[in-house]
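In: give me a 3D structure for the following:
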Amino acid sequence: MMIEKETMPFQVWILTLAAFAIGTAEFVIAGILPQIAISLSITEGQAGYLISAYALAIVIGGPILTIYLARFNKKAVLTGLMLLFILGNILSALAPTYELLLVSRVIAGLVQGPFYGIGAVVATNLVSEKMAGRAVGQMFAGLTLANVLGVPAGTWISLQFGWQNTFLTVAAFGAVAMVFILMSIKSTGHGEAKNIKAQLMAFKNPMLLLSLAIMAFAWSGFMTLYGYIAPIAMHITGYGEDAVTWILVIVGLGLIIGNTIGSRSADKNLNKASLFWAVAMILSLVLVGLVIDNKILFVIAAFIFGIASFANVPAMQLRVMNHGGEGQELAATANISAFNLANAFGGILGGIVLDSSMGASMIPYAAIIVPMIGLLFIVKANKSPLNG
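Out: Okay, here's the model as predicted:
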């Protein structure tokens, strides 16, 4: 099978579209939180827990489902996962109560871990060895695009047509991706399903566990702030709800820039990059807190926060992959779990602070507590003799 070196196969673009839909479903709550809270007569903190429910479904369901589904035909698995995703989002749109909305979020969230894990394997099999990294990178670009385009667009749809239509739109994107998966991805078996025992052995490596801990702790500051950017902008900074859409676009652009700079610096010097960007994210959160009541400075600080926080991600992921050994797939899925454990915790912490007497203006300061622990782990990992 000859593959031209320059072009990315159409199937990888389909996986990117699916990743975009899945990523948008996870993060879109950040923009539509006030509308959901009013509509279901709940607090904005409780609405924020919808992020945590989705993230926890990924944390727990991801690795278990990935191990279980690895033995089946990949085309059938990806199609089935997209079907579950579509159903979860339709249920979200139709949910009459907060409890049912929470359940629907868990259903949709179960899809992300195995889809990214198995999808990444399919993407690498579609291209030559040289392009493998770029194929996976391209698929995960769907996740970044979800923050830049999906979340603001979902917010706009919610403001114009109601939040239920945001979920229906996400389900529609999932449906398009599913049809193309059915049409364009070849039926491949599982190849040689890697021995689960061999994969689990990788977790005996203390550096892998430390790398996952860094991801879970250092990253948690992101969702504490990002998940509650709409209530902060509206209640504290003094923006109207229509402004939330473009504020999210600006933060999203920061995420893309951060991801690009972070990738380069992680390739250059992983230890330095992970320490530098973890400190930068903590400082950017303090900056947001200091200028929270100034409209112009708040948006500039939120943009800087976007850059600093996403510049962290490549270094954290590379660290996990470096220590994954035999268990690359499971390590990658565990990495997504650690990432979402941080998202779940950030969503809960931000919600608690928002509903407390401290209020929204304290969220950026609360967001630095856990990443400080992450910083200590990074210093420990950098000093370790095992840090190859």
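
In: what sits against the closest residue in space to Met372 that isn't next to it in sequence?
Out: In space, and not counting its chain neighbours, Met372 is closest to Ile282: 6.7 Å by CB to CB, 6 or more residues apart in numbering. C-beta coordinates here come from the backbone N, C-alpha and C atoms, glycine included. In this structure, Ile282 makes contact with 221, 368, 371-372, 375, judged by CB atoms under 8 Å, 6 or more residues apart in numbering.

In: so which of those residues wins on neighbours?
Out: Gly221 (32 neighbours; other CB atoms under 10 Å).

In: quick one, strands of the stretch 1-150 of the chain?
Out: Here the stretch 1-150 of the chain has no strands by DSSP state E, counting those that start in this stretch.

In: any low-confidence regions in it?
Out: 1-6 (pLDDT under 70).

In: residue ranges of the helices in it, please?
Out: 10-27, 29-39, 44-69, 74-94, 98-109, 112-125, 132-145 (DSSP state H, counting those that start in this stretch).

In: mean neighbour count added to those, as JSON lines?
Out: As requested, the helices of the stretch 1-150 of the chain are exported to JSON lines (neighbours: other CB atoms under 10 Å):
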{"stretch": "helix 10-27", "mean neighbour count": "24"}
{"stretch": "helix 29-39", "mean neighbour count": "23"}
{"stretch": "helix 44-69", "mean neighbour count": "23"}
{"stretch": "helix 74-94", "mean neighbour count": "21"}
{"stretch": "helix 98-109", "mean neighbour count": "20"}
{"stretch": "helix 112-125", "mean neighbour count": "24"}
{"stretch": "helix 132-145", "mean neighbour count": "19"}
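
In: including distance to Phe173, could those helices go into a markdown table?
Out: Formatted as a markdown table, those follow (distance: least, CB to CB, whole Å):
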| stretch | distance to Phe173 |
| --- | --- |
| helix 10-27 | 4 |
| helix 29-39 | 16 |
| helix 44-69 | 16 |
| helix 74-94 | 9 |
| helix 98-109 | 12 |
| helix 112-125 | 13 |
| helix 132-145 | 10 |
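
In: show me the one of these that comes nearest Asn343.
Out: helix 44-69 (4.0 Å; CB to CB).

In: list the helices and strands that closest one packs on?
Out: helix 10-27, helix 29-39, helix 98-109, helix 112-125, helix 328-355 (3 or more CB pairs under 8 Å, 6 or more residues apart in numbering; DSSP states H and E).

In: dump those to CSV, plus distance to Leu290.
Out: Shown next, in CSV, are those (distance: least, CB to CB, whole Å):
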stretch, distance to Leu290
helix 10-27, 25
helix 29-39, 22
helix 98-109, 33
helix 112-125, 34
helix 328-355, 17
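
In: for Asn147, which of these is the nearest?
Out: helix 10-27 (5.8 Å).

In: need the CA coordinates for that closest one. CSV is fine.
Out: Taking C-alpha atoms only, helix 10-27 is exported to CSV below (Å, rounded to 0.1, in the frame of the first residue of the first chain):
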residue,chain,number,x,y,z
PHE,A,10,-9.2,11.7,4.2
GLN,A,11,-9.9,9.2,7.0
VAL,A,12,-7.6,11.1,9.4
TRP,A,13,-9.6,14.3,8.7
ILE,A,14,-12.8,12.3,9.6
LEU,A,15,-11.2,11.3,12.9
THR,A,16,-10.3,15.0,13.4
LEU,A,17,-14.0,16.0,12.9
ALA,A,18,-15.1,13.3,15.5
ALA,A,19,-12.4,14.6,17.9
PHE,A,20,-13.7,18.1,17.4
ALA,A,21,-17.3,17.1,18.2
ILE,A,22,-16.2,15.1,21.3
GLY,A,23,-14.0,18.0,22.5
THR,A,24,-16.8,20.6,22.0
ALA,A,25,-19.2,18.4,24.0
GLU,A,26,-16.8,18.4,26.9
PHE,A,27,-15.9,22.1,27.0
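
In: got the angle for it vs helix 328-355?
Out: 30 degrees (axes from the mean of the first three to the mean of the last three CA atoms, to 10 degrees).

In: and helix 10-27, what other elements does it pack with?
Out: Using 3+ CB pairs under 8 Å, 6+ apart, helix 10-27 sits against helix 44-69, helix 74-94, helix 112-125, helix 132-145, helix 151-161, helix 163-184.

In: how far off helix 132-145 does the shortest one point, in degrees?
Out: What it means is helix 151-161. 30 degrees.

In: can you give me the buried ones in helix 151-161?
Out: For helix 151-161, the neighbour count (16 or more other CB atoms under 10 Å) marks 151-159 as buried.
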